[in-house]
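Novice: I would like to see how this sequence folds:
(one chain, ligands or ions: 1)
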Amino acid sequence: MADWRGKKVFIMGGSAGIGRASALDFVRRGASVAIAARGQARIDETVAELQAAAGPGQRIAGFSVDVADAATVRAMAPQVLEALGGLDLLICNSGYAHAGALHEVPDDDFRRLMDVNYLGHVWTVRAFMEHFMAQRSGQIFLVSSMLGFMSVWGYGAYSASKYAIIGFAEALRQEMALFDVGVQVFYPPTTKTPGLEKENEDKPALSWAIESESGWNKTYEAEEVADAMRVAIERRKFHNVVGRDSWIIYTAARHLPGITHYLSDGELKKAAGKVASRS
Ligand SMILES: NC(=O)c1ccc[n+]([C@@H]2O[C@H](COP(=O)([O-])OP(=O)(O)OC[C@H]3O[C@@H](n4cnc5c(N)ncnc54)[C@H](OP(=O)(O)O)[C@@H]3O)[C@@H](O)[C@H]2O)c1
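Specialist: As a prediction, the model looks like this:
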């Protein structure tokens, strides 16, 4: 187990859900932690919680920023480095999901999902890259989704933004390897968070029916996912999932794509039949 005492961690999207649980986990293990998000109220609440958990000498800070705004993210980076006294681990966790059939979702959904989920990670990484290159050590951890290596009905716009992260991360991994900086990607499963609650508010009936048809719809707690995230960071592998069920899905999607499509199309047809029989 890595010793996190004295380490400096920054989490973009650290004021709620998985990011907040992860911030608390690192503080409890002795790290200095800074978080960023948009909403000041949740930043203040989280910072107070982190301060209460911190010991002497641990630094805690919070920043308000929209990750889609490249200039603001770039301007924030030196303030984060100053507040923490450096940076060892950058976690790009900000993001959201919105479901809907591809012919129905508004054009702006495609743009905003790319701006926040994909470009948000790009702007954050680029704001800190030169720090890591000069330091010649550290880790960059990019949060994608299980829907960043496979997809289903209703999640095309979201999946595209999460797949894009992986392409970016593959090249980043090589560029940063020249500077001994690790790069990793993380595919969280369905996790109980404020983000999931929001996503569920207007989820299409067919998406709900697909989930109820699937034998693979376990919902994790944010703390479980944050724990798996830290273990993954300590192991330093490139691709990372949570739990045995996610590992089976990941392995099947990668090595048995035909069978994976066959099974998921079967679930889709049953779900569509269910929805049709209700209307
Ligand atoms: N929960 C799941 O089931 C699940 C599954 C797969 C992948 N994921 C991914 O895991 C990550 C965390 O998800 P979560 O469910 O924990 O989300 P969450 O509960 O909604 O928390 C998201 C965090 O990101 C921040 N954020 C959102 N949009 C932002 C923006 N434009 N600029 C800056 N910060 C922003 C939020 O604060 P503000 O809103 O105040 O900005 C919050 O701190 C996301 O990338 C998500 O796509 C989640």
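Novice: use CA for all of it now, contacts and neighbours both
Specialist: Fine.
Novice: residues in the stretch 151-279 of the chain within reach of the ligand, list them.
Specialist: For the stretch 151-279 of the chain, the residues in contact with the ligand (CA under 6 Å from any ligand atom) are 188-196.
Novice: who wins for neighbours among those?
Specialist: For these, the largest neighbour count, defined by other CA atoms under 10 Å, is 24 neighbours, found at residue 188.
Novice: check contacts around it.
Specialist: Residue 188 sits next to 143-146, 225, 241-242 when contact means CA atoms under 8 Å, 6 or more residues apart in numbering.
Novice: can you do 10 Å?
Specialist: Taking CA atoms under 10 Å, 6 or more residues apart in numbering as the criterion, residue 188 is in contact with 18, 143-148, 220, 222, 225-226, 228-229, 240-243, 246.
Novice: and if you look at residue 139?
Specialist: 9, 87-91, 132, 176, 180-184, 233-234, 236.
Novice: how about the closest residue to residue 50 other than its chain neighbours, what does it touch?
Specialist: If you skip the residues right next to it in sequence, residue 50 has residue 24 as its closest partner in space, 5.9 Å away by CA to CA, 6 or more residues apart in numbering. The neighbourhood of residue 24, defined by CA under 10 Å, 6+ apart, consists of 14, 31, 33, 46-47, 49-54, 223, 226.
Novice: one more: residue 277?
Specialist: For residue 277, the contacting residues are residue 271, by CA under 10 Å, 6+ apart.
Novice: again, only using 6 Å
Specialist: Under the criterion of CA atoms under 6 Å, 6 or more residues apart in numbering, residue 277 has no contact partners.
Novice: same list, the residues of the stretch 151-279 of the chain next to the ligand, but as a markdown table with secondary structure please.
Specialist: Conversion of these to a markdown table gives the following (DSSP: H, G, I helix; E, B strand; the rest coil):
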| residue | secondary structure |
| --- | --- |
| 188 | coil |
| 189 | coil |
| 190 | coil |
| 191 | strand |
| 192 | strand |
| 193 | coil |
| 194 | helix |
| 195 | helix |
| 196 | helix |
